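1. Have a look; sequence and predicted model below, questions after that.
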Amino acid sequence: MIDTEQLEAAMRRALELAANGPGAGVNPQVGCVLLNAHGALVAEGWHRGSGTPHAEVDALSKLSTDEAKGLTAVVTLEPCNHTGRTGPCSAALIEAGASRVVYAVADPGNVSAGGAQRLRNAGVEVVEGILANEAEEFLRPWLTSMRLGRPFVTVKWASTLDGRAAAADGSSQWITGPASRQRVHKQRAASDAILVGTGTVLADDPSMTARDDSGNLLPEQPLPVVIGERAIPGTAKLWEHPRGVLESGTRNLDEVLTWLFEQGIRRAFVEGGPTLASAFIAAGLVDEYLVYIAPLLVGGPRLAVTDLRIGTIADARHLDITSIERLGDDLLVTARPTGSG
Ligand SMILES: NC(=O)c1ccc[n+]([C@@H]2O[C@H](COP(=O)([O-])OP(=O)(O)OC[C@H]3O[C@@H](n4cnc5c(N)ncnc54)[C@H](OP(=O)(O)O)[C@@H]3O)[C@@H](O)[C@H]2O)c1
């Protein structure tokens with residue numbers, strides 16, 4: 001008999017395994033461990049990205065046909081019921097003879113959900129909700145994106161201690177120090193797309209690539225997306241981006257996000273400038289804030305956030321700060337809208 005403590009320990013291990021998979025891309029990070037009747041771990045697996053075996057199939061592949069019979073599969077996400085580039089995991093578990101499947105969170109996908117029901121119909125015992133909070137937190141970007149049908153939106157800005165995104169003449173490179181900038185490059189690489197407004201492209205001519213400490217391109221390059229009606233000049237550095245460039249041609253953010261979701265973008269990293277960041281906030285489309293604060297004072301009119309269409313303090317947007325880190329001389333404040341989980 002396997003007790004709850006053993007199941008939780010197994011799920012914790014499955015979450016660790018899930019983190020080995022790629023954070024960006026269309027598919028979620030999923031981990032799986034297989035337990036024998038005494039709760040001992042006999043195999044483990046995780047998903048390595050689109051087109052590769054899912055976590056359950058990866059774990060099952062480590063055992064011979066007979067060894068999987070009667071096992072308990074502990075999976076971070078409900079086994080899928082979908083035939084894509086690989087077959088449904090629920091069917092693979094049934095075929096292998098698993099007697100019990102334990103998962104943390106239900107699959108919100110329209111085409112992939114239904115695995116639990118398929119398992120139950122085949123006589124497999126199904127338990128949902130083991131370490132559900134931890135798994136929700138771990139998979140928050142992907143789950144949010146699938147539930148809302150738009151990418152998970154992170155808005156990042158760098159500001160001075162007095163809340164300015166640039167000096168009076170528009171210069172803003174570099175407000176923050178090297179440690180902050182290195183962190184930003186890692187955060188870019190973990191996203192599917194970087195979004196900026198036309199104003200930033202025209203003012204700063206950014207390359208919008210994710211680079212390492214020596215300035216070399218990282219293997220993961222998110223897609224650069226420029227939002228706005230103005231055209232990008234033919235001489236812009238952006239045109240040299242290895243992924244090409246997407247131009248929205250519209251300011252309608254709902255439309256832009258739906259369009260990006262349809263192209264497989266699940267994590268969008270909005271890097272400004274102030275007009276675009278403010279438009280995302282005002283529209284209630286931000287899931288996470290990353291605010292880099294440098295110990296500088298520049299005063300002047302170039303605020304990091306401009307008009308949010310809020311006239312009185314009672315209408316202020318409330319955030320929960322989830323972490324504060326010191327990066328060199330700067331601070332990184334991570335926050336999310338209150339009530340968003
Ligand atoms: N400190 C930082 O973190 C940071 C980051 C980036 C930029 N900056 C600084 O910010 C300055 C540029 O500021 P900015 O505000 O002009 O840049 P921006 O926010 O990148 O671009 C603003 C433009 O985006 C377009 N746009 C697209 N969707 C929109 C929407 N829903 N609502 C309103 N406009 C939308 C509009 O141009 P169209 O007319 O083309 O539609 C608008 O003029 C530069 O000085 C740059 O150095 C600072």
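-> Looks like it came in fine. Numbers count the residues shown, from 1 in each chain.

2. which ones are touching the spatially most central residue of the chain?
-> Nearest to the mean C-alpha position of the chain, counting by CA atoms, centre = their mean, stands residue 141 at 3.8 Å. Residue 141 sits next to 152, 266-267, 287-288 when contact means CB atoms under 8 Å, 6 or more residues apart in numbering. In this view, the C-beta of every residue, glycine as well, is placed from N, C-alpha and C.

3. So of those, which two are at opposite extremes in space?
-> 266 and 288 (13.3 Å; CB to CB).

4. Show me the common contact partners of the two, please.
-> In contact with both residue 266 and residue 288: 141, 152, using CB under 8 Å, 6+ apart.

5. So for these two, which sits in the more crowded spot?
-> residue 266 (24 against 21; other CB atoms under 10 Å).

6. Give me the pLDDT for the residue in the stretch 1-150 of the chain that the ligand sits nearest to.
-> When scored by CB to the nearest ligand atom, the stretch 1-150 of the chain has residue 150 as its residue closest to the ligand, at 14.6 Å. For residue 150, the pLDDT comes out at 98.

7. what sits against the closest residue in space to it that isn't next to it in sequence?
-> In space, residue 150 comes closest to residue 257 once its chain neighbours are excluded; the distance is 4.0 Å by CB to CB, 6 or more residues apart in numbering. By CB under 8 Å, 6+ apart, the contact set of residue 257 is 150-151, 153, 268, 285.

8. Name the secondary structure element that contains residue 257.
-> Taking DSSP states H and E as the criterion, residue 257 maps to helix 253-262.

9. and that helix, is it in reach of the ligand?
-> Yes - Helix 253-262 is in contact with the ligand by CB under 6 Å from any ligand atom, via residue 253.

10. So which bits of that helix are buried?
-> For helix 253-262, burial by neighbour count (16 or more other CB atoms under 10 Å) applies to 253, 256-257, 259-261.

11. Low-confidence stretches in this structure?
-> Where the chain drops to pLDDT under 70, the residues are 85-86, 341.

12. Would you state the helices of it in chain order?
-> 4-18, 55-60, 89-96, 115-121, 132-138, 140-148, 178-189, 198-204, 253-262, 274-282 (DSSP state H).

13. Out of those helices, indicate the one that is most buried.
-> helix 55-60 (a mean of 26; mean count of other CB atoms under 10 Å).

14. Which strands or helices does that helix pack on?
-> Applying 3 or more CB pairs under 8 Å, 6 or more residues apart in numbering; DSSP states H and E, one finds that helix 55-60 makes contact with helix 4-18, strand 31-35, strand 41-46, strand 72-77, helix 89-96.

15. residues in this structure within reach of the ligand, list them.
-> 157-158, 165-166, 170, 172, 175, 196-200, 203-204, 227-230, 251, 253, 271-276, 279.

16. nearest to the ligand, of the contacts of residue 257?
-> residue 285 (9.8 Å).

17. ok now do the residue nearest to residue 162 when sequence neighbours are not counted, which residues does it touch?
-> Counting by CB to CB, 6+ apart, residue 162 lies nearest to residue 297, which is 4.9 Å off, once chain neighbours are set aside. Residue 297 makes contact with 160-162, according to CB under 8 Å, 6+ apart.
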